[in-house]
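**Q** Just a sequence and a predicted model for now, questions to come.
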Amino acid sequence: MYALVDCNNFFASCERVFQPQYRNVPVVVLSNNDGCVIARSNESKVLGVKMGVPIFQIHQLVKEHNIKVFSSNYTLYGDLSNRVMNLLSTFSPDIEIYSIDEAFLKFHTFSKYFDLNDIGKSMHRTVLKGVGIPTSIGFAPTKSLAKVANKIAKKFPERTGNYYIIDTEEKRIKALKWTEIGDVWGIGRQFSKKLKSINVNNAYQFTMLPDAYVRKEFSVVGLRLKHDLSGMPTIEFEDVKPKKGIATTRSFENMITDKRELSERVSTFSALAGVKLRSQQSNCELVHVFLQSNRFRLDLPQFNPKVTVKIPFPTSSTFEINKYAQKALNEIYQSGIQYKKAGVILMGISQDDTQQLSMFEYENPKEKVLMKVLDKINLKLGEKVRFGNMGVSKWKMRQEHLTPQFSTNLNHIIKVKAG
DNA sequence: TCTGGGGTCCTAGGACCC
DNA sequence: TCTGGGGTCCTAGGACCC
């Protein structure tokens, strides 16, 4: 049996952990630069706040209903996520951290030694008490069915006690008939449209389609999903794998035309991507750099150049990465365009322990050591060491509603008064 | 005025090889 | 008039996820 544990309205719930006064008021959390709504409390959902809407489009609603607005605080969310995952891993050694707010757990010998009802109740209680985050839990014999069970638990918290178990054929069929096709894990907008056009409106109907048809129209991905939903474990439980691509991309607060300014951003993106790369003990051989104009300003010329450049040897050094990223920027930059977004993506990733030595060119071995020291200093002191071309003009994201880093910064920790 | 960021996997088609 | 066949590898783009 698998369990899928999902934190309810995760970012919104995180903001409430240290600010209980917002527990019963509508809350939303915004994306970078305070752009779009990326998390909503139940109260906000009821008010009709849609996922992904630009906040400026709902100013009226926010004002009318006193919706509490937060800028995103990823340091806080990341830390609370770690705490949740640590608690969950005490329930089973087999845990797949699927995203910042979701994890699959595997239970091998469930019915003999454990009662899933006990486990479900206990997991919810433990995480709520230990971190302050409410969760929903779904149990089922396959991962996609655990997703379905989870949705039921989330939809009917009172009736289910925040967990739901699919452990019989009757419950499986009933659950699938209840699940709208567009809500199925792996069925997105396009697939859902296509399925509805042939009158497949729920998950059960999808599992009744012929294999050959599903394979042809929805590729092997769709076929695997069909089997998994039918009760045959097909979507595999996965161990932690190093990432195959590492991206650092940002929209700018304002549009940028100047090449030097772009070059500073690219340097910073290179450095951030380098840190992520080294933290998973990897090296990269390809650097992809892109620029984008403002896609919402159709009155302005649109230009979205991109290029991938090869580094002659695998490296994890910020110096090397940035050298080639700058080269890439030089290749694609055109003056006279107002750019709104840029990014650096590292690809061609290999692991430290499977290093191919290049015959002609290689990295200065001192760089590895230097980067190690640098990462340590920055971890300890918080981004004190910067590279020359990252520039001194410290640009800032718009974050007008940012909460403190309650759980990761000593200066932000809540003080409790005695007496 | 204002519009996110970071991933995965699969497929089709082109380049290239013998 | 007429122009092989069978592979591999790589990449861009599209679908999906949170």
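**A** Cool, the structure landed.
**Q** So for A:F360, what pLDDT did the model give?
**A** The model reports A:F360 with a pLDDT of 60.
**Q** What is the subsequent helix or strand relative to the helix or strand of chain A with the lowest mean pLDDT?
**A** Lowest mean confidence among the helices and strands of chain A (mean pLDDT, DSSP states H and E): helix A:110-113, at a mean of 58. Helices and strands here follow DSSP states H and E; after helix A:110-113, the next one along the chain is helix A:116-130.
**Q** mind listing what's buried in that next one?
**A** Within helix A:116-130, the residues scored as buried using 16 or more other C-beta atoms under 10 Å are A:L116, A:I119, A:G120, A:M123, A:H124, A:T126, A:V127. Every C-beta, even on glycine, is put in place using the N, C-alpha and C of the backbone.
**Q** which residues are in contact with it?
**A** For helix A:116-130, contacts defined as C-beta atoms under 8 Å, 6 or more residues apart in numbering pick out A:1, A:3, A:5, A:7, A:83-84, A:87-88, A:90-91, A:107, A:110, A:133-135, A:137, A:139, A:161-163, A:165, A:167.
**Q** So which of those sit within helices?
**A** A:R83, A:V84, A:L87, A:L88, A:F110 (DSSP state H).
**Q** need the residues you listed in CSV with distance to A:K276, can you?
**A** Output for these, formatted as CSV (distance: C-beta to C-beta, whole Å):
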residue, distance to A:K276
A:R83, 21
A:V84, 21
A:L87, 25
A:L88, 24
A:F110, 37
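**Q** Make JSON lines out of the buried residues of helix A:116-130 and add distance to DNA strand C and pLDDT.
**A** Shown next, in JSON lines, are the buried residues of helix A:116-130 (distance: C-beta to the nearest atom of the strand, whole Å; pLDDT from 0 to 100):
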{"residue": "A:L116", "distance to DNA strand C": "22", "pLDDT": "94"}
{"residue": "A:I119", "distance to DNA strand C": "22", "pLDDT": "95"}
{"residue": "A:G120", "distance to DNA strand C": "20", "pLDDT": "97"}
{"residue": "A:M123", "distance to DNA strand C": "18", "pLDDT": "98"}
{"residue": "A:H124", "distance to DNA strand C": "18", "pLDDT": "98"}
{"residue": "A:T126", "distance to DNA strand C": "20", "pLDDT": "98"}
{"residue": "A:V127", "distance to DNA strand C": "16", "pLDDT": "98"}
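**Q** Nearest to DNA strand B among those?
**A** A:V127 (21.9 Å; C-beta to the nearest atom of the strand).
**Q** ok, which residues in the stretch 251-400 of chain A are in contact with DNA strand C?
**A** A:T308 (C-beta under 7 Å from any atom of the strand).
**Q** Name the residue of the stretch 251-400 of chain A that lies nearest to DNA strand C.
**A** A:T308 (6.2 Å).
**Q** Look up which residues are beta-bridged to that residue.
**A** Going by DSSP bridges, A:T308 is paired in beta bridges with A:H288.
**Q** from memory it sits against A:L286, does it?
**A** Yes: counting by C-beta atoms under 8 Å, A:L286 is a contact partner of A:T308 at 5.4 Å.
**Q** intersection of neighbour lists for the two?
**A** The contact lists of A:T308 and A:L286 share A:M347, where a contact means C-beta under 8 Å, 6+ apart.
**Q** wait, what's in contact with A:A103?
**A** Taking C-beta under 8 Å, 6+ apart as the criterion, A:A103 is in contact with A:L4, A:V5, A:M85, A:L88, A:I95, A:E96, A:I97.
**Q** Give me the pLDDT value at it.
**A** pLDDT at A:A103 comes out at 98.
**Q** Looking at strand pairing, list the partners for it.
**A** Those that pair with A:A103 in a beta bridge, by DSSP bridges, are A:V5, A:I97.
**Q** quick one: contacts for A:I187?
**A** A:I187 touches A:I181, A:L195, A:F206, A:L225, counting by C-beta under 8 Å, 6+ apart.
**Q** And it, its phi and psi?
**A** The phi/psi pair for A:I187 (degrees, to the nearest 10) reads phi -110, psi 110.
**Q** Can you give me the distance of A:K323 to A:V289?
**A** Using C-beta to C-beta, to the nearest Å, A:K323 is found at 12 Å from A:V289.
**Q** Those two: who's more crowded?
**A** A:V289 (27 against 16; other C-beta atoms under 10 Å).
**Q** thought that one was touching A:V307?
**A** Yes: the criterion here is C-beta under 8 Å, and A:V289 meets it with A:V307 at 6.2 Å.
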